[in-house]
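heads up, no residue letters with this:
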């Protein structure tokens, strides 16, 4: 298995990918949907697809189980999805709605009897250490999270039997990592993707991308921009995430989306064949 970079383009050479199951654990923005104290038609909707926890996905191969990001709803997401074993956590960036639930890896530490492998760049590691200092203290109380930090950058890496290709995007002025898992690319918190990074996405069959709302936003793609971004990289299927209550009700927005474009929702599962 090898992943080769040449002139900023990603070339796949003799790379084998296992079959993957992708579960959307959360598809909401930082405040979640419904938003506290809001009585808008989205927040009061009875449709389960309008109930959105903070963004995260579960990735399962025959031998490896990963989560991307641990937002404030991490514990609830693990219970809802029935996750009994977790091999690692991969982080996109250090904003609170993507890291706040990390303390709850303690349960996996207890049952798996080993530290949790966390994969993050240096910027995100700095925040994790600052937010959870008790997990990294020289003297630690019993029961604190046991975490092994693994530094990632823009080079491809592998966790278990899952090869992962980082894709850098921009969240206004903050660099954020998206990830390509074989034919599936996951990007959250972005409003710009540079051409060289777009090349890493091309060839994906499914792309998940943030689409915060209808109106423009300073650091997120709005719906029209997200649609254009999926088309620009020529991915046939787009699933939109990091959705706020301002986007509208799932059923109303879905009926007007172009062919091949869908709103993701909590609990949605995708199967990515081996190749």
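Happy to help now that I have it. A quick note: this is a predicted structure, and the numbers were derived from the prediction, not measured.

so how many other residues sit close to residue 171?
Other residues near residue 171 number 19, with proximity taken as other CB atoms under 10 Å. (Each C-beta comes from the backbone N, C-alpha and C, glycine too.)

one more: residue 224?
Counted with other CB under 10 Å, residue 224 comes out at 12.

the one 10 residues further on too?
A count of nearby residues for residue 234, using other CB under 10 Å, gives 12.

got it, and the one 3 residues further on?
The local packing count at residue 237 equals 17, with neighbours defined by other CB under 10 Å.

partners of it in the sheet?
The partner list for residue 237 in beta bridges (DSSP bridges) reads residue 206.

give the contact list for it.
Applying CB atoms under 8 Å, 6 or more residues apart in numbering, we find residue 237 in contact with 205-207, 260-262.

just the helices in the stretch 51-200 of the chain please.
74-81, 96-99, 106-112, 122-131, 195-201 (DSSP state H, counting those that start in this stretch).

okay, now residue 61: neighbour count?
Residues near residue 61, counting by other CB under 10 Å: 21.

next up, phi/psi of the residue nearest to it when sequence neighbours are not counted, please.
Distance criterion CB to CB, 6 or more residues apart in numbering; nearest residue to residue 61, sequence neighbours excluded, is residue 18 at 4.2 Å. Backbone torsions for residue 18, taken as degrees, to the nearest 10, come to phi -80, psi 160.

related to what we said a few turns ago, can you select the buried ones among the contacts of residue 237 for me in PyMOL?
Applied in PyMOL, the following selects the buried portion of the contacts of residue 237 according to 16 or more other CB atoms under 10 Å:
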select buried, resi 206+207+261+262
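
bridged to the spatially closest residue to residue 152 that is not a sequence neighbour, which residues?
With sequence-adjacent residues excluded and distances taken as CB to CB, 6+ apart, residue 152 is closest to residue 119, at 5.1 Å. Taking DSSP bridges as the rule, residue 119 bridges to residue 90, residue 150.
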